[in-house]
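Q: sequence first, then the predicted structure:
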Amino acid sequence: ALSKLRRESYRLIISDLMLPRISGHDLIQEIKKVHPCVPLVVMTGYATLDMALQSFKLGSFDFIPKPFETETFLAVLFRGLNYSRVMLTRGPEEHAYLPVAESIRLDEEAETVYCLGCHSQAKLNEDGTALVRVGETFSNMMDHLSKLEIVVSENEITQGKCCVKFFTQDGLINMLWAPLSGKVEAFNEELDRSVQFINTDPYGKGWVLRITPSNLQEELQNLTRCRRGSLESQ
């Protein structure tokens, strides 16, 4: 695989995490050195929460735990190919949100969020709650989006586990992994009336859940602190 990556270019890469002679996480880092804009989907039958969170932090596009439904697998591939096509016209740093070091003090007017890769986001509010939002690997990457379904257990969501399912008219199921754990305080009812806000205004009217985080300081270590990047200013 590494030899092929040095000779060829690819629109999408799918890899298991359990590999001979090299770990899936090591492979992610090697791929990102050579092809930083190519979406990488990782999957494994030995799925653990830590492995999923780490793969996002290293730059994976999405994570698929086995066994999986065909509709879920195809949805990830469809979004990945759409994302690959978009990234061909951009540079590796041209994302809606860019990572920043925790030590850097940001302008108060610059929105700061905590990102699970480019997959999902948590925007912290002054009242101690947080807004759960889609990342840029969802916005405008799902064709003919039809509806969504909130996935909660006893009104709680868990970091790294599915909190929302987005359905398309052709039957594909896109799963959003929660950026933080916490109690669900509200669901954005506007999305019931117009799920297209996910595409047209993902960082405004397209927020999905408002939660009270249950393990904020520890879980923030699994996320990347980000601010609005070059695409937001265009």
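A: In hand now; what should we look at? Numbers count the residues shown, from 1 in each chain.
Q: flag every buried residue along stretch 16-27.
A: Buried residues in stretch 16-27, counting neighbours by 16 or more other Cβ atoms under 10 Å, are found at 17, 24-25, 27. Backbone N, C-alpha and C define where each C-beta goes, glycine included.
Q: actually, stretch 185-192.
A: Buried residues in stretch 185-192 (16+ other Cβ under 10 Å): 187-188, 191.
Q: ok, those residues vs Leu148, which is closest?
A: Within the buried residues of stretch 185-192, the smallest distance to Leu148 is 6.1 Å, found for Leu191 (Cβ to Cβ).
Q: am I right that that closest one falls within a helix?
A: Yes. With DSSP: H, G, I helix; E, B strand; the rest coil as the criterion, Leu191 is part of a helix.
Q: need the contact list for it.
A: Contact analysis of Leu191 by Cβ atoms under 8 Å, 6 or more residues apart in numbering lists 148, 197-198, 206, 208.
Q: same thing with Ser60?
A: Neighbouring residues of Ser60 by Cβ under 8 Å, 6+ apart: 28, 40-42, 117.
Q: residues near the closest residue in space to Ala122 that isn't next to it in sequence, how many?
A: Excluding its sequence neighbours, the residue lying closest to Ala122 (Cβ to Cβ, 6 or more residues apart in numbering) is Pro179, at 4.2 Å. Other residues lying near Pro179 total 33 when counted by other Cβ atoms under 10 Å.
Q: just checking, Pro179 touches Cys115?
A: Yes. Counting by Cβ atoms under 8 Å, Pro179 does reach Cys115; the two are 7.1 Å apart.
Q: shared neighbours of the two, anything?
A: Common neighbours of Pro179 and Cys115 (Cβ under 8 Å, 6+ apart) are 121-122, 223.
Q: switch these over to TSV; also include distance to Ser55.
A: TSV is the format used below for those (distance: Cβ to Cβ, whole Å):
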residue	distance to Ser55
Gln121	17
Ala122	18
Leu223	13
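Q: can you tell me which residue is nearest the centre of the chain?
A: The centre of the chain sits closest to His119, judged by Cα atoms, centre = their mean, with a distance of 0.7 Å.
Q: who does the lowest-mean-pLDDT helix or strand in the chain pair up with?
A: Least confident helix or strand of the chain, by mean pLDDT, DSSP states H and E, is strand 97-99 with a mean of 82. Strand 97-99 pairs in its sheet with strand 224-228 (antiparallel), by DSSP bridges.
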